[in-house]
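Q: this one's structure only:
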């Protein structure tokens, strides 16, 4: 199917240059998929995950909070495909609804953290001088805390709830945005067109927003994708430690909380399936991130 | 060299002060009443005004923030580090008692990450695009994605279900009972080490692939040295530097990961103390433990910077 579309497009493209331009938006994902099939497969997998999360209410076979006293800790069966937990809640439904929470937390925290970090990085590189030096020292200080520990401190100060978890994880992602975008802007701000904009009387803010920010978009995209996986893992760790999303609302992390406590005999399906969901999602984010980096900005390799 | 070490140590002091300020601000200035942090929303509502004033006086919260911060610094420098709010034991004693377990786990993890990561990276580089390379790269990608605390839970649950085995509980130091101590720290150390070994392997492969194309490596081959000598004695020396730097950065990941892995293995180390302090909302313990994590990370990376001078003769510090 994709090949067919592509041959149509390429024949259309060769027949007229105008047509090529109108088709170019469609060509981007197709050429990306041809050059990076693994990254494209990961992207499709994540798209499916997102759809499942969005339509969780329709797709999930049961209510994730419904307690079935006849099915306390039952093993996987036709009725409960992935089994039930200690309180008789359907694990498959909890994973589907938990994915909604975990994916939202990672997406919003990375968008928030990377965007704020990028804005700061642009300003830091653009203005330079003392502001830049102080920014860099501050970023180094924040980075000297393990991300998980920093997020925990912020959660103690801010209290529980989904948005505080998002903010706490966002703060741990912020320094990476500052560092990477700053290094991009350091070279961009020396380009002649920036001088030209300044000569035409553009204000600092206008130059940063209109002229420099678009140049950082590729790096931003690569960076954000690369950190989505890390955000999922931090959310999961927080939930496991009991300081993240508060139960009974399921998240992939808090489903793993308490599974090793000495009072219960541990049940393997309670441990295996949420962890698999986390691992597969992180794997997909990493693979997509690597392919995006190779496609958009090979200079970022290894950062 | 001595001068340089002294200078670097001096320069890291403002950074460490900055870290104390960040922790202090995060816990005191951010929205949220310290008493709500301590007692929870419900508990706070039950306190009378007289209780509130008394508790605030006990904790020194009625003093100005500057004085509170000064008192904390004083506590740090006298080595006392304050007392746990609930149990009244001093934080420095707690660190001395629990710290060795976490330190052992960290040392084992770093050793494992090098012992596994480095050979895997070398094989991948010298046999680029062979089956061995593809297999190791596949596993590297998997290990980068799988969270270490989940592997830890799997190990705990599997050993319990299959062998009905649980590691010994309680704080057992290596000088008290080495075998019981290793039973506690070995598994968490290996799990954390495996997770970090993937990063080491990937970095070692990439840098070795770059170095192996250098002229001096070709010269070494041309003068008839064995492939083994060329790779291990010539190429590896230069390829190691970025790997060592990465190892320092990964130490932060390892410290954070150890909190969750300790919780999974129920090891009573510093990470578990931190989690407990969080659930008890004991922010005196939290602020001192977090400071300790920050200081350790800064010192580890400082020593790596210093080790550079010894590893790479091209770098001369003055």
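A: Received it, and whenever you're ready, just let me know what you need. All values reported here derive from a predicted model rather than from experimental measurement.
Q: the closest residue to residue A:115 other than its chain neighbours: which element?
A: Beyond its immediate neighbours in the sequence, the residue positioned closest to residue A:115 (C-beta to C-beta, 6 or more residues apart in numbering or on different chains) is residue A:177, lying 7.4 Å away. Any C-beta I mention is one placed from the backbone N, CA and C, and that applies to glycine too. Taking DSSP states H and E as the definition, one finds residue A:177 inside helix A:162-188.
Q: quick one: list the elements packing against that helix.
A: In this structure, helix A:162-188 packs against helix A:91-127, helix A:129-143, helix A:147-158, helix A:217-241, with contacts taken as 3 or more C-beta pairs under 8 Å, 6 or more residues apart in numbering or on different chains; DSSP states H and E.
Q: starting at the chain centroid, how far to the third one?
A: What separates the centre of helix A:147-158 from the centre of its chain is 19 Å, taken as C-alpha atoms, centre = their mean, to the nearest Å.
Q: ok so, going back, and the helices and strands packed on helix A:162-188: which comes nearest residue B:109?
A: Proximity of these to residue B:109 was assessed by C-beta to C-beta; the nearest stretch is helix A:147-158, lying at 15.1 Å.
Q: and the angle for the closest one with helix A:129-143?
A: Orientation note: helix A:147-158 sits at an angle of 100 degrees relative to helix A:129-143 (axes from the mean of the first three to the mean of the last three C-alpha atoms, to 10 degrees).
Q: who's in contact with the residue of the stretch 51-200 of chain A found nearest chain B?
A: For the stretch 51-200 of chain A, the residue positioned closest to chain B under C-beta to the nearest C-beta is residue A:146, at a distance of 3.0 Å. Contact criterion C-beta atoms under 8 Å, 6 or more residues apart in numbering or on different chains gives B:252, B:253, B:255, B:256, B:257, B:259, B:293, B:297 as the residues in contact with residue A:146.
Q: surely the third one is within a helix?
A: Looking back up the chat, that one is residue B:255. Yes: per DSSP: H, G, I helix; E, B strand; the rest coil, residue B:255 lies within a helix segment.
Q: can you pull the contacts of it?
A: A:146, A:149, B:106, B:293, B:296, B:297.
Q: and the last one, by the same measure?
A: Contacts for residue B:297 were tallied using C-beta under 8 Å, 6+ apart; they are A:144, A:145, A:146, B:251, B:252, B:255.
Q: over to residue A:87. Which of the three states is it?
A: coil.
Q: near chain B, which residues of the stretch 51-200 of chain A are found?
A: With C-beta under 8 Å from any C-beta of the partner chain as the criterion, the stretch 51-200 of chain A comes near chain B at residues A:137-138, A:140-150, A:152-159.
Q: that older thread, report pLDDT for the residue of the stretch 51-200 of chain A closest to chain B.
A: The pLDDT attached to residue A:146 in the predicted structure is 87.
Q: run a quick neighbour tally on residue 174.
A: Picked chain A for this. Look at residue A:174: counted by other C-beta atoms under 10 Å in any protein chain shown, it has 22 neighbours.
Q: not quite, go with chain B.
A: Neighbour count of residue B:174, defined by other C-beta under 10 Å: 15.
Q: mind checking how far it is from chain A?
A: Counting by C-beta to the nearest C-beta, to the nearest Å, the gap from residue B:174 to chain A is 24 Å.
Q: what sits closest to the residue of the stretch 151-300 of chain B found nearest chain A if chain neighbours are left out?
A: Taking C-beta to the nearest C-beta as the measure, the stretch 151-300 of chain B has residue B:256 as its residue closest to chain A, at 3.0 Å. Nearest residue to residue B:256 in three dimensions, chain neighbours excluded: residue A:146, at 3.0 Å (C-beta to C-beta, 6+ apart).
Q: same deal with residue B:9?
A: Counting by C-beta to C-beta, 6+ apart, the nearest residue to residue B:9 once its immediate chain neighbours are dropped is residue B:302, at 7.3 Å.
Q: any idea how far that neighbour is from residue B:6?
A: Plainly put, residue B:302 is 12 Å away from residue B:6 if you go by C-beta to C-beta, to the nearest Å.
Q: among these two, which residue is more densely surrounded?
A: Neighbour count, other C-beta under 10 Å: between residue B:302 and residue B:6, residue B:302 has more, with 17 against 10.
Q: pick out the most distant pair among the contacts of residue B:255.
A: If you compare every pair in those using C-beta to C-beta, the most distant one turns out to be A:149 and B:106, at 13.9 Å.
Q: re the thing from before, what's the angle between the helix holding residue A:177 and helix A:217-241?
A: Angular relation of helix A:162-188 and helix A:217-241 on a 0 to 180 degree scale: 150 degrees, by the same axes, to 10 degrees.
Q: buried set for helix A:162-188?
A: Of the residues in helix A:162-188, A:162, A:164-185, A:188 count as buried by neighbour count, 16 or more other C-beta atoms under 10 Å in any protein chain shown.
Q: swap in stretch B:109-124?
A: Using 16+ other C-beta under 10 Å as the burial criterion, the residues of stretch B:109-124 that qualify are B:109-110, B:112-114, B:116-118, B:120-124.
Q: before we move on, what about stretch B:120-139?
A: Within stretch B:120-139, the residues that qualify as buried are B:120, B:121, B:122, B:123, B:124, B:125, B:126, B:133, B:136, B:137, counting by 16+ other C-beta under 10 Å.
Q: and the next helix or strand past the helix or strand containing the fourth one?
A: It stands for residue B:123. Using DSSP H and E, the element containing residue B:123 is helix B:91-126. Stepping forward along the backbone from helix B:91-126, the first helix or strand reached (DSSP H and E) is helix B:131-145.
Q: what's the angle between that next one and helix B:91-126?
A: Using the same axes, to 10 degrees, helix B:131-145 lies at 150 degrees relative to helix B:91-126.
Q: contact partners of helix B:131-145?
A: With C-beta under 8 Å, 6+ apart as the contact definition, helix B:131-145 has outside contacts at A:229, A:279-280, A:282-283, A:286-287, B:120, B:123-124, B:127, B:194-195, B:197-199, B:201-202, B:205.
Q: this completes my enquiry, with thanks.
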